[in-house]
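Colleague: With the input below, show me the fold.
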Amino acid sequence: MDTAGPIRAGMTIRAARLALPGTVFKQTDEVGGSSIAFFAVTRASKRIMDLYPNQEDGIKETSKVELIRVYDPGCATVEGVRPGMPLIAVEGKFGNLKKLILEQSEMREYAQFDKLPSWLEVQAGSGDAGLYDPGQLCTQRYKAAAAVESLWVSHPIKNKLLDDDQFCKVPEKKF
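Modeller: Coordinates of the predicted model:
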């Protein structure tokens, strides 16, 4: 189920515009280590999702959507998981939390659950959801107020990079 509402991974930007009447698409570049172009989709000035098209041929109307980042609490998975939902409630849908991972370069926290579908990533925060031990970037504990910040929807991914426990330790600084 690589879909978010009427949007699915693999459809063109043009088809996404047609599927979301009443929205505004604004091409943007992600700030950070790499420059990745995407479309910020808003409705009534409220950001509802970002669409990341295939970057290989340049960004145009015929580019295919590779990744969807959903912010709108009105968009939910079939199981009912949505942005804004407390992590404790997500555990009721996808099983126990396996770990929260703080991805340092982008300062995003991803929550992994026992039964999380391969096409979905759950972003829980930006370093403020988990209770981390010193020197650790992974935890199984989170604050009571921790909730889903956004959902990342894509084609099924077999080997997720952050599954590797090597990402759980803060790298030592070399001088």
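
Colleague: Give me the distance between the most centrally placed residue in the chain and residue 144.
Modeller: Nearest residue to the geometric centre of the chain (Cα atoms, centre = their mean): residue 152, 2.9 Å. To residue 144, residue 152 is 24 Å away according to Cβ to Cβ, to the nearest Å. Any C-beta I mention is one placed from the backbone N, CA and C, and that applies to glycine too.

Colleague: Kindly report the same for residue 151.
Modeller: 21 Å.

Colleague: These two - which one has more neighbours?
Modeller: Neighbour count, other Cβ atoms under 10 Å: between residue 151 and residue 144, residue 151 has more, with 23 against 7.

Colleague: Tell me the pLDDT of that one.
Modeller: If you check residue 151, the pLDDT there is 94.

Colleague: so who does it touch?
Modeller: 4, 69-70, 75, 77, 81-83, 120-123 (Cβ atoms under 8 Å, 6 or more residues apart in numbering).

Colleague: Which parts of the protein are strands?
Modeller: Assigned by DSSP state E, the strands in the chain fall at 3-4, 7-8, 24-29, 37-43, 46-53, 65-70, 97-103, 108-113, 120-125, 138-139, 150-154.

Colleague: How about residues contacting the first one?
Modeller: Contacts of strand 3-4 with the rest of the structure, by Cβ under 8 Å, 6+ apart, involve 9, 49, 68, 70, 75, 151, 153.

Colleague: now do the second one
Modeller: Contacting residues not belonging to strand 7-8 are listed as 2, 16, 19-20, 49, 51, 65, 68 [Cβ under 8 Å, 6+ apart].

Colleague: from those residues, which would you call buried?
Modeller: Neighbour counting with 16 or more other Cβ atoms under 10 Å marks 2, 16, 20, 49, 51, 65, 68 as buried within the contacts of strand 7-8.

Colleague: how far does stretch 87-100 stretch from start to finish?
Modeller: Chord length of stretch 87-100, first to last residue, is 10 Å (Cα to Cα, to the nearest Å).

Colleague: is the residue nearest to residue 137 when sequence neighbours are not counted in a bridge, and if so with what?
Modeller: Once flanking residues are discounted, residue 137 sits nearest to residue 102: 4.6 Å by Cβ to Cβ, 6 or more residues apart in numbering. Counting by DSSP bridges, residue 102 is bridged to residue 109.

Colleague: Spit out the contact partners of residue 102.
Modeller: Applying Cβ under 8 Å, 6+ apart, the residues contacting residue 102 are 108-109, 127, 130, 132, 137-138.

Colleague: what's the answer for residue 80, then?
Modeller: Contacts of residue 80 (Cβ under 8 Å, 6+ apart): residue 93.

Colleague: So for it, what's the pLDDT?
Modeller: At residue 80, the model reports a pLDDT of 90.
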